[in-house]
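Novice: Any chance you can model this:
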Amino acid sequence: MYSKILVNTYSKKLKGLFVSFRKIIDDKKLSIFTGEIETFSTDTTFENAINKVIVNNAKKDKYTFLIQTDDFTDKGDKLHFDSRSQRIMGERFAQKYLEINKK
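Specialist: Model prediction:
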């Protein structure tokens, strides 16, 4: 069930998680790579809202980088990415890493 409160909480918790990562590593510029969640279910209102938070967070945090996953397919359960999509996700994370770390 879609809940605006849960989405708002997710936004705050996601930001807090990234702050914690950077504090633990002691690097305020630690690069964090994110990807959108699945949108395979019949009603994707909640998933779209969460993805909007993920996208907005990456836009506001210059050390957070986003890869697209909207072209991925599910493993048949309308919830998880299939193996092929997971491999593509890994490739996209690697490409993004190489892109931002060019010298």
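Novice: Check which residues of the longest helix seen in the chain are buried.
Specialist: Assignment by DSSP state H gives helix 4-25 as the longest helix of the chain. Buried residues in helix 4-25, counting neighbours by 16 or more other C-beta atoms under 10 Å, are found at Val7, Tyr10, Ser11, Leu14, Phe18, Arg22. No exception for glycine: its C-beta is placed from N, CA and C like everyone else's.
Novice: Just give the nearest non-adjacent residue to the third one, would you?
Specialist: I take that to be Ser11. With sequence-adjacent residues excluded and distances taken as C-beta to C-beta, 6 or more residues apart in numbering, Ser11 is closest to Val53, at 4.6 Å.
Novice: now the fourth one
Specialist: In space, Leu14 comes closest to Asn57 once its chain neighbours are excluded; the distance is 5.6 Å by C-beta to C-beta, 6+ apart.
Novice: Surely that neighbour is in a helix?
Specialist: Yes. Judged by DSSP: H, G, I helix; E, B strand; the rest coil, Asn57 forms part of a helix.
Novice: My guess is it contacts Lys13. True?
Specialist: No. Taking contacts as C-beta atoms under 8 Å, Asn57 lies outside contact range of Lys13: 10.7 Å.
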